[in-house]
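[1] Okay, sequence plus prediction incoming.
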Amino acid sequence: MKRILFAIICVAVAATACNKEAVELSVQKADTLSVFASLPQTKVAVDNGKVTWTAGDAIAVYNTDGAKFTLTLSEGAGTNYGKFSGDFTGTLATDVAVYPAAWAGEVKGTVVIPKYVERTDAVTPVMASALSVDGANVEATQFHHVMAIVEFTLSDIPAYACAVKVFSKTGAQLNGTYTVNESLNGVECEVGNSETGTNDRVLYFPYKTGYGAESAVKFYVPVAPFDYTDLALRVLDGDEDIIEGTALKCKPASIKAGDYVAMPAFSVRKQVGTARDKFIKVEGVKWAKGNLRVKQEESYQDGWQPGFNIFEHQWQTAYGERDGITVTEVLTTDVARDSKLFDLFNWGGLGRSCQFNNSGFITPTTAKFDISGRVFSAREGDKETLDAAELEGEARFQFWDVFSGYNGGEADPATGSGNPPIYGDVAFWASKGQYRMPTSSEAVKLRTNNSAATGQAGWYTTPGGDMIYGALLTSTPSWAEPSMNTTAVEFTDSDLESGLFLPKTGRRASSETHSKIRYFNNQCAYWSSTFGSLASGYETCATIVGWKKDFSGGIYGYTTAWNGNNIGDVKAGNPIRPVYIGE
Amino acid sequence: MNGKNYRAPQLCVVQDASTDVLCTSNVDDMNPVDGEWDSDLVW
C-alpha cells in the first residue's frame, strides 16, 4: 500500500479555519483514494471573467530538489474550488504551484509558453499560488492570475488560413520563459525584451476552421502583464505568410494580470478583400485558380489572346463542361472532345499549334531547357539556339488564332491565322504576361516524395452533377508533416478554397490528333515549363507532375525524352495550371 | 528568478518514493476589459 501525502489547498480569504503556520503533514493510506494520472488538457471555463476548474485541469508543484510534479483535478469541476491529485516524491516546495501544469517550467518559479500553440476552445489563464500547511492538510493562498488573456474573435475565415500570429514589433516577449515574481498585488510575470523568449505567438488550426459567412472562432491568448504599445494580430496561410490585409494592431494598452481583454470581432474575408482572387498559394507558389483553356468565344476578353483564359473554377475541365454529358465515372476509353473548348496542350505550341500533335511544339534536343515566361522564334535546336531565338517586348504577344469564326462571326484579324512561327510558354503568351507555366522546381513541390505539399485524393461534385476527380494539394506548415492520402474523399467548396485542386482532365496521347480525350477522371499529368533530356544530372527535373488512376506511387513527376511517345512527349496533350505572375 | 520569488510558509516533509498528493484549490476571477483596435486598423 502506498503512503500518501494528503494536502488541502484552500482559499486564503475563505478558509478561516486554516492555520497559516507550517506544520508537518500527516500521512494516510490510499485505500480509498482515486488518483487521476491522465495528462492535463488545461481547460478552464471563463464566462464573463468568472473562472472555474474543468475536467482535465492540472497544476504543477515542485519538490525542494526542483523536480516538477503534475496534480490533476479529481473533484470540483465546474466550481472555483477543486481537488487535485497525483504522484509526488521528496520534500514539497511550498513557495509556488502553477496552472496550467503543461506550461509550468522545469525550473521552479517559471512559466514556459511555446511559440506554437494549437488553437482550442479551452481558455487557459496562467495562474500561480503559494502553498502552506494546516495540520494534516496543505493550505494554499488563492490561485492568482499571473497573466492576462486577450480574446480575438475572427469570423468568415478563408479556408486557406491555418494560423493566427500575435506579434509585437517593438519586441514585447510573447513566448518562452517567464519568471513568476512577487509584486504588491500578488505574483506577476516578468516580461520584456528577454533572451528567454521572442516577440510572437502562433495559434494554429486545421484548414477550413471558421469557414463561412456565419461562422466565428475565438482565440484565447495568454499574455504577460505589460504596457503594450503595438500588440498586433496577423492571420497566416499554410506557408506561414501573412494573408493580405490581416495585420491588425491593437490600441496601446496597459494589460494587467487577471485582465480578460475582449477584442472586437472582425471578418477576415472582408479584410482580405480581393487580394487573393487571382491565385491559390501552395508551398510559396501562386497558382492560378483554374486550368488554362481556350474556347471559341462570342467576344474577345480583355487582357487575353482571343478565346484564351483560365477556367473560373478549379474543378472545371473541357470534357466536364460539355453540354449534355454528365460524367460520374472514371473513364477507361477515349472520348470525343468538344469542338469549341479544349484544355490539353502540347509543349511549346502557341496559337493554332498549341493543340496539335503534329506541329508547333518545341523540341529541345540537348540539356534542360526552361520556357516559363518566354516566347521564341525557333522551335528546335540546342539550348544556345533556342536562347538566341527568344523574343522581347510586344513581339512575344503577337496574335495567332486557334479557331476560325471568332468574335460573334466577325472576321478574324487580318493577320495571325494558321500555324504561327512563334513558340514558347502558352500560358504566358495567352495571358499576355499575366500568368506563366510552372517551372520544374515549382512543380516538384507538389510531388509527394518531396516532403513539401500535403495531398488528398478525391472528387468534387459540380452544380451540374458531374463528379470531377483529382488531387487537392495544400501547404504543409512547420507544425505538420507532409502526407498523401490516396483514399478518395468528396471535396467541398471549402476544401477547394484551402488549396490547389488539380482535376484529372485526361490527356491526349502523343500519337493521337486533337479530337480525343483519353482517360478522363483517370490519369493526368500537368506540364511544367522545363524539359530535360535523359542525361544524368536531371533526376530532380520534372517535366510533368501527375498520378495514376489509383494514386499508386502518389503524385509523381519525371522528365523524359522529347519524342518518348508517352505522356511526357512534347507532342502529347496535357493540361496546364499556370502560375500567377502579379503581386 | 531574480531573487524575488513569492514567499510562503515553508514546509519540509520528506516522503517515501511514489507518494501520491491530493490537494484542493480555487481560483481568482478575471477582470473583463474591452479591447480596441487601433484607428489605423491595418498595420
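    Perfect, thanks for sending it.

[2] any idea of the mean pLDDT for the helix or strand that contains residue B:25?
    Element membership for residue B:25, per DSSP states H and E: strand B:14-26. The average pLDDT within strand B:14-26 is 60.

[3] Skip ahead from it and say which helix or strand is next.
    strand B:31-34.

[4] list the helices and strands that following strand packs on?
    Contacts defined by 3 or more CB pairs under 8 Å, 6 or more residues apart in numbering or on different chains; DSSP states H and E place strand B:31-34 against strand A:259-262. Where C-beta positions appear, they are placed from N, C-alpha and C, glycine not excepted.

[5] Any idea how far the strand it packs on is from the middle of the chain?
    The chain centre lies 29 Å from the centre of strand A:259-262; the measure is CA atoms, centre = their mean, to the nearest Å.

[6] same thing with stretch A:374-391?
    38 Å.

[7] per-residue pLDDT, the nearest residue to residue A:549 once chain neighbours are set aside?
    Closest residue in space to residue A:549, ignoring its immediate chain neighbours: residue A:522 at 4.8 Å, by CB to CB, 6 or more residues apart in numbering or on different chains. In the predicted model, residue A:522 carries a pLDDT score of 89.

[8] what residues are up against residue A:522?
    A:330-332, A:469, A:504, A:506, A:549 (CB atoms under 8 Å, 6 or more residues apart in numbering or on different chains).

[9] what residue ranges in chain A are flagged as low confidence?
    A:1-49, A:132-141, A:182-189, A:191-195, A:298, A:366-367, A:404-417, A:448-450, A:533-541, A:556-565 (pLDDT under 70).

[10] In it, what residue spans correspond to helices?
    A:268-272, A:383-388, A:426-430, A:440-444, A:493-498 (DSSP state H).

[11] rewinding a little: just the contacts of residue A:522: which are in strands?
    Using DSSP state E, the members of the contacts of residue A:522 that fall in strands are residue A:469.

[12] Next, count neighbours for the residue in chain A that chain B sits nearest to.
    Minimum separation of chain A from chain B (CB to the nearest CB) falls at residue A:130, amounting to 3.1 Å. Neighbours of residue A:130 under the rule other CB atoms under 10 Å in any protein chain shown: 24.

[13] pretty sure it contacts residue A:96?
    Yes. Proximity of residue A:130 to residue A:96 meets the contact threshold set by CB atoms under 8 Å, at 6.3 Å.

[14] now the helices of chain A in CSV, with distance to residue A:364?
    Below are those laid out as CSV (distance: least, CB to CB, whole Å):
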stretch, distance to residue A:364
helix A:268-272, 41
helix A:383-388, 6
helix A:426-430, 16
helix A:440-444, 13
helix A:493-498, 35
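
[15] between those, which gets nearest to residue A:247?
    helix A:268-272 (9.1 Å; CB to CB).

[16] neighbouring contacts of the closest one?
    A:154-158, A:161, A:210, A:213, A:235, A:243-246, A:248, B:42.

[17] Would you show me how to pick out the buried ones of these in PyMOL?
    This is the PyMOL syntax for the buried subset of the contacts of helix A:268-272, where burial follows 16 or more other CB atoms under 10 Å in any protein chain shown:
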select buried, chain A and resi 154+155+156+157+158+161+210+235+243+244+245+246+248
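
[18] Show me the two of the contacts of helix A:268-272 that sit farthest apart.
    A:213 and B:42 (21.2 Å).

[19] now the strands for the stretch 51-200 of chain A?
    All strands of the stretch 51-200 of chain A, identified by DSSP state E, counting those that start in this stretch, fall at A:58-63, A:68-75, A:81-99, A:110-113, A:116-118, A:127-129, A:131-134, A:137-140, A:144-145, A:148-155, A:161-168, A:176-183, A:186-189, A:200-204.

[20] if we compare the ones you listed, which one ends up closest to residue A:489?
    Of all the strands of the stretch 51-200 of chain A, strand A:161-168 sits nearest to residue A:489, with 18.6 Å by CB to CB.

[21] what angle sits between the closest one and strand A:200-204?
    160 degrees (axes from the mean of the first three to the mean of the last three CA atoms, to 10 degrees).

[22] Buried ones in strand A:161-168, by neighbour count?
    The neighbour-count check on strand A:161-168 (16+ other CB under 10 Å) flags A:161-168 as buried.

[23] Contacts (any at all) between chain B and it?
    No. No part of strand A:161-168 sits close enough to chain B to count as contact by CB under 8 Å from any CB of the partner chain; the gap is at least 9.5 Å.

[24] Parallel or antiparallel, which strands does that strand pair with?
    strand A:200-204 (antiparallel), strand A:231-237 (antiparallel) (DSSP bridges).

[25] just how off-centre is it within its chain?
    12 Å.
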